[in-house]
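**Student:** Using only what follows, build the 3D model:
(chains A and B)
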Amino acid sequence: MSDEITPELFSHLVELAALELSPEEAEYLRREMNHQLRAIHELASIPIDSDLPVASHGIPYTAAISAGSRPDEWHAFAEIEKLIAQAPETEEGYIVVPEIPHQDLD
Amino acid sequence: MDIIELSAREISQKVKRREISAKEVLEAHLSHIQAADGTSGSIGGGKATEPEKIHCFISLTVDRARKQAGAIDAKIAAGENPGLLAGVPATVKDIFCVEDTASTAASKILANFVAPYTATPVARMEAAGAVVLGKVNLDEFTYGSSSESSAYQPAPRNPWDTDHVPGGSSGGSAAAVAAHEGAISLGTDTAGSIRQPAAFCGVVGMKPTYGRVSRYGLIAFGSSLDCPGPLARDVSDAALMLKVIAGQDSRDATSATIPVSDFVSEMEKSIRGIRIGLSPDYFRITYFDAETGDLQELPLPDEIKSTVTVAAEKLEKLGAVIVDGIPMAHTKYGIPAYFVISRVEAASNLHRYDGVKYGYRTRDEVADLSEMYRKSRGQGFGVQPKLRILMGMYVSAAHYSEQYYNRALRVRSLIRRDFDEVFDSGGKYRINALLTPTTPSTAFRVGGVYGDSVLMQYADQLTVPANHAGIPGISIPAGFDNSSLPIGIQFLGPDFSEDLLLRLGRAYELATDTETWRTRKPAVVINKQSR
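**Tutor:** Purely as a prediction, here's the structure:
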């Protein structure tokens, strides 16, 4: 059976996912992706009416069980220093990151 | 009776009556944990360390627990109501944020993360007087069914036989409850991650209806599937804990506004006339052999099948009506659909880990931000999160989403429809609940499945349909196989039918109360009696 996830496609996905992998990890992950896709292909055998809706969640959300959207309001966090202290690198209250790459668009 | 053998309800009653103090309860459990649990999981820890110990914990928060226990005793001394869980020692799966404690998701990428706030279900437990002992181990980001993928090793082991896994992903929770290291535990269930380890460890585990318990403060996996819920040694304790943690939360817009019943009194009602369905689709598993591409249908082991049918007979004697031959045709598509839906949601949720705002950042020299992202995520995530990120991105990509993601979401509608039809009070079957095995096997051996991500996922075949459909399910202990490993049975019911499921579980418990298997205890508990 040919692999749906070829080494080239796999490399593209790794780049998009912002991951750096060891060769052993890459081999394992590509193999498992192809195995899982073979199981996923079972879904193709199910007859599906064109009007069958998608279910993005299991239980129907109705006004009877849901509070609905809340107002889009911001709330101050009492201990800002506690949040900033979680950042791996900070300077004078700012979060520091390495050089941000720039790409000129045509 | 030894303090560690008391149920949550007994502890709470004794503490309130001042027959025992919350501090005494806490110290008895800490002492037992010291003897039974062994080395806690750590980054770089050895997988094979102390194989006879249980290793439930990632972090024990002893000082915090002592303060909580002291506060409960002070409240009681002052004549105040200490709450429904007064002095009850509890553990929390380390996928929940608990303020000022390490909240790791069992991942290196969050190893240094200290939560700035507390998850709603944990806050509710603490407000009700529970004493949180610490955070228990799990599969990394909950991605697994054995707890072996944790970055914190040694991973938890099954208290009934430490050569076997406790299941997962709430393996630390189930093992801690089974080993009497805490009376109750807070877990999460995305495909079966409460019910499957509960079955493997011989404890009660409930996945509530989606939205019944707030997800605020839960480190997200599959946001449309994740359900926090209780693990306990009996149905009464699960009911008590669910009563405390359930209910609307303004911080989780998906939490339901439906009032919370008094599950503890509801569960004592009769089950006479309750229609319980048995489905042939839950007595076999369809397994896709990834190497050969063949679809294989396998019957469940006889021991598991007969445990369910014997349970049905017992419930029938109590007045329930057993309806056989319930068709649940799309059960077998639960795992393939889950392979798509959960991966898309996981990938989306994992993009936030970038080494900038919190969590792990690479110590390597980097040329720019992109390289910092790649190295931080590459070094911080284990292989299971990486697998889910890559799969999720692939099956939701514009080119493939119609073929994979949208199709899986339609199959999810079909799975939901199966349940709607059989629970329909005006329909052909009109059942109130389904009775099924919880798992296709009992606990497998440590290292027996890990690495084969397809086979591992199929451990959830009988539990995942409830997550797709959003409905509640409960796994309760129902005996042992011929290797002395626990077998669990599962009840599934319509939306917000937790009270009925608890009632059925309680009825089964009472019907089997005098059976000899009920007297069995894991070695770590028996050894405690002889220490």
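
**Student:** Find the nearest non-adjacent residue to the closest residue to chain B within chain A, please.
**Tutor:** Relative to chain B, the nearest point of chain A is residue A:58 (2.5 Å; CB to the nearest CB). Any C-beta I mention is one placed from the backbone N, CA and C, and that applies to glycine too. Beyond its immediate neighbours in the sequence, the residue positioned closest to residue A:58 (CB to CB, 6 or more residues apart in numbering or on different chains) is residue B:470, lying 2.5 Å away.

**Student:** confidence score at the residue of chain A closest to chain B?
**Tutor:** Residue-level confidence at residue A:58 comes out at 90, pLDDT.

**Student:** and the nearest residue to residue B:96 once chain neighbours are set aside, how many residues sit next to it?
**Tutor:** Leaving aside its chain neighbours, residue B:96 sits nearest to residue B:119 (4.2 Å; criterion: CB to CB, 6+ apart). When counting by other CB atoms under 10 Å in any protein chain shown, one arrives at 28 neighbours for residue B:119.

**Student:** What's the separation between residue B:119 and residue B:217?
**Tutor:** Counting by CB to CB, to the nearest Å, the gap from residue B:119 to residue B:217 is 2 Å.

**Student:** Overlap in contacts, those two.
**Tutor:** Common neighbours of residue B:119 and residue B:217 are listed as B:96-97 (criterion: CB atoms under 8 Å, 6 or more residues apart in numbering or on different chains).

**Student:** Quick check on the residue in chain B that chain A sits nearest to: phi, psi?
**Tutor:** With distances taken as CB to the nearest CB, chain B approaches chain A most closely at residue B:470, which sits 2.5 Å away. Backbone torsions of residue B:470, given as degrees, to the nearest 10, read phi 80, psi 0.

**Student:** Please name the residues that touch it.
**Tutor:** Residue B:470 sits in contact with A:57-59, B:209-211, B:416, B:495, where contact means CB under 8 Å, 6+ apart.

**Student:** where does chain A dip in pLDDT?
**Tutor:** Under the criterion of pLDDT under 70, the regions of chain A flagged as low confidence span A:1.

**Student:** would you list every one of the helices in it?
**Tutor:** All helices of chain A, identified by DSSP state H, fall at A:7-16, A:23-40, A:80-84.

**Student:** Which of the ones you listed sits closest to residue B:143?
**Tutor:** For these, proximity to residue B:143 was assessed by CB to CB; helix A:23-40 is nearest, at 12.0 Å.

**Student:** element containing residue B:231, please.
**Tutor:** Element membership for residue B:231 (DSSP states H and E) is strand B:227-232.

**Student:** Quick check: pLDDT value at the residue nearest to residue A:58.
**Tutor:** At residue B:470 the predicted local distance difference test score is 98.

**Student:** now swap in residue B:531 and tell me
**Tutor:** On the pLDDT scale, residue B:531 is placed at 64.

**Student:** Then residue B:286?
**Tutor:** Model confidence at residue B:286, given as pLDDT, is 83.

**Student:** Quick one: classify it as helix, strand or coil.
**Tutor:** Taken by DSSP: H, G, I helix; E, B strand; the rest coil, the conformation at residue B:286 corresponds to strand.

**Student:** Could you find the closest non-adjacent residue to it?
**Tutor:** Leaving aside its chain neighbours, residue B:286 sits nearest to residue B:332 (3.9 Å; criterion: CB to CB, 6+ apart).

**Student:** Next up, phi/psi of the one you found, please.
**Tutor:** Backbone torsions for residue B:332, taken as degrees, to the nearest 10, come to phi -70, psi -10.

**Student:** count of residues packed around it?
**Tutor:** Summarising burial for residue B:332: neighbours were counted as other CB under 10 Å, giving 20.

**Student:** Repeat that for residue B:245.
**Tutor:** Burial of residue B:245 is recorded as 26 neighbouring residues (other CB under 10 Å).

**Student:** how near is it to residue B:188?
**Tutor:** Applying CB to CB, the value for residue B:245 to residue B:188 is 12 Å.

**Student:** anything in contact with each of these two?
**Tutor:** For the pair residue B:245 and residue B:188, residues contacting each of them under the criterion CB under 8 Å, 6+ apart are B:228-229.

**Student:** so what's the backbone phi/psi at residue 73?
**Tutor:** I'll assume chain A. On the backbone of residue A:73 - angles per degrees, to the nearest 10 - the values are phi -120, psi 150.

**Student:** Same question for residue B:410.
**Tutor:** phi -70, psi -40.

**Student:** quick one, what contacts it?
**Tutor:** The contact partners of residue B:410, taken as CB under 8 Å, 6+ apart, are A:48, A:52-55.

**Student:** and chain B, which of these contact it?
**Tutor:** Among the contacts of residue B:410, the residues within reach of chain B (CB under 8 Å from any CB of the partner chain) are A:48, A:52-55.

**Student:** Which residue, other than its chain neighbours, is closest to the residue nearest the centre of chain A?
**Tutor:** Closest to where the C-alpha atoms of chain A average out (CA atoms, centre = their mean) is residue A:17, at 8.2 Å. In this structure, residue A:17 finds its nearest non-sequential neighbour in residue B:389, 4.9 Å apart by CB to CB, 6+ apart.

**Student:** ok but that neighbour is inside a helix, no?
**Tutor:** Yes. With three-state DSSP as the criterion, residue B:389 is assigned to a helix.

**Student:** That one contacts residue B:348, correct?
**Tutor:** No. When contacts are counted by CB atoms under 8 Å, residue B:389 is not listed as touching residue B:348 (9.4 Å).

**Student:** The two: which has the busier surroundings?
**Tutor:** Each of residue B:389 and residue B:348 has its neighbours counted (other CB under 10 Å); residue B:389 has more, 27 against 16.

**Student:** got the contact list for the more buried one?
**Tutor:** With contacts defined as CB under 8 Å, 6+ apart, residue B:389 is in contact with A:17, A:19, B:346-347, B:350, B:381.

**Student:** Please apply the same query to residue B:167.
**Tutor:** By CB under 8 Å, 6+ apart, the contact set of residue B:167 is B:145-147, B:158, B:174, B:196-201, B:439, B:443, B:459.

**Student:** What about those residues, which are in helices?
**Tutor:** For the contacts of residue B:167, the ones inside helices are B:174, B:196-201, with DSSP H as the criterion.

**Student:** Output these in a markdown table; the columns should cover neighbour count and pLDDT.
**Tutor:** Written out in a markdown table, the entries for these read as follows (neighbours: other CB atoms under 10 Å in any protein chain shown; pLDDT from 0 to 100):
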| residue | neighbour count | pLDDT |
| --- | --- | --- |
| B:174 | 39 | 98 |
| B:196 | 33 | 98 |
| B:197 | 40 | 98 |
| B:198 | 39 | 98 |
| B:199 | 33 | 98 |
| B:200 | 35 | 98 |
| B:201 | 34 | 98 |
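
**Student:** Can you tell me which of these is nearest residue B:526?
**Tutor:** When the ones in helices among the contacts of residue B:167 are compared for distance to residue B:526, the smallest value, 15.8 Å, is given by residue B:201; criterion: CB to CB.

**Student:** I'd say the closest one and residue B:161 touch.
**Tutor:** No. Look at residue B:201 against residue B:161 with CB under 8 Å: they stay out of range, at 10.5 Å.

**Student:** Which neighbours do these two have in common?
**Tutor:** Between them, residue B:201 and residue B:161 share the neighbouring residues residue B:443, with contact defined by CB under 8 Å, 6+ apart.

**Student:** Double-check residue B:159 against residue B:172; I have them as touching.
**Tutor:** No. Residue B:159 lies out of contact with residue B:172 (CB under 8 Å); the separation is 11.3 Å.
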